[in-house]
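# Here's a sequence, model it:
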Amino acid sequence: MKSLTIFIFIILASTPLYSQQFTENELYGSWIVLDSRLTPEMTLDLDDETQEKMEEMRKGFVGTIFNFKRNKEFTIKFTENIPEFMKELEFLNDNKWKIGEGTEIAIGTEEDNFSLMRLIVIILDGKGYFIIKDVPLTLEVIKQ
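Coordinates of the predicted model:
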């Protein structure tokens with residue numbers, strides 16, 4: 001676990017090196033979540049109940065499909081066994097996406113300034129990581 005955290009930190013620290021390699025063409029399509037990890041440093045101050053919810057969310061994201069369409073439409077499809085509270089995230093469906101600063105993807109609309117969800121995306125040889133901004137989750141994904 002510690003080595004993954006160090007790996008993600010190194011990648012994020014070198015994001016400017018990778019940001020020019022990241023293109024819309026690389027992102028287009030469906031990405032399935034193979035694994036997810038909580039970022040230990042971000043969960044240290046959480047109470048027990050919140051820690052438990054974060055663990056449920058971590059497990060719930062495995063198998064989820066993120067779809068970035070060429071018409072800039074975004075959809076997310078969860079597995080059937082997600083926790084009830086995660087079903088609320090389906091409001092993200094049929095919103096738009098755009099590449100923000102560096103390797104950030106912003107999801108939403110012009111009206112909400114694409115603020116519904118922000119992902120830091122790192123793609124290396126068809127495999128990637130989606131780091132949900134402001135949530136201590138790193139999703140390991142692969143393009144379908």
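# List the contacts of the nearest residue to T79 once chain neighbours are set aside.
Spatial nearest neighbour of T79, chain neighbours left out: G63 (4.0 Å); criterion: Cβ to Cβ, 6 or more residues apart in numbering. (Each C-beta comes from the backbone N, C-alpha and C, glycine too.) Remark: with contacts taken as Cβ atoms under 8 Å, 6 or more residues apart in numbering, G63 is in contact with 32-33, 78-79.
# now T75
For T75, the contacting residues are 66-67, 69, 92-94, taking Cβ under 8 Å, 6+ apart as the criterion.
# quick one: it from F61, how far?
When Cβ to Cβ, to the nearest Å is the yardstick, T75 and F61 sit 15 Å from each other.
# Please apply the same query to E52.
For E52, the distance to F61 under the criterion Cβ to Cβ works out to 15 Å.
# before we move on, what about T103?
Using Cβ to Cβ, we find T103 at a distance of 19 Å from F61.
# Quick one: end-to-end distance for stretch 81-99.
The stretch stretch 81-99 measures 30 Å between its terminal residues, going by Cα to Cα, to the nearest Å.
# Likewise for stretch 32-48?
Between the opening and closing residues of stretch 32-48 there is a gap of 29 Å (Cα to Cα).
# which residues are in contact with that stretch?
Applying Cβ under 8 Å, 6+ apart, the set of residues contacting stretch 32-48 from outside is 1, 4-5, 8, 51, 54-55, 58-59, 61-66, 130, 136-142, 144.
# Looking only at that stretch, what residues are buried by neighbour count?
Using 16 or more other Cβ atoms under 10 Å as the test for burial, stretch 32-48 gives 32-33, 36-39.
# all helices in the chain, in order from the N-terminus.
Using DSSP state H, the helices of the chain run over residues 2-13, 15-19, 24-27, 40-43, 48-61.
# contacting residues around the third one?
What that stands for is helix 24-27. Contacts made with helix 24-27 from outside it, assessed by Cβ under 8 Å, 6+ apart, are listed as 68, 99, 105, 121, 123.
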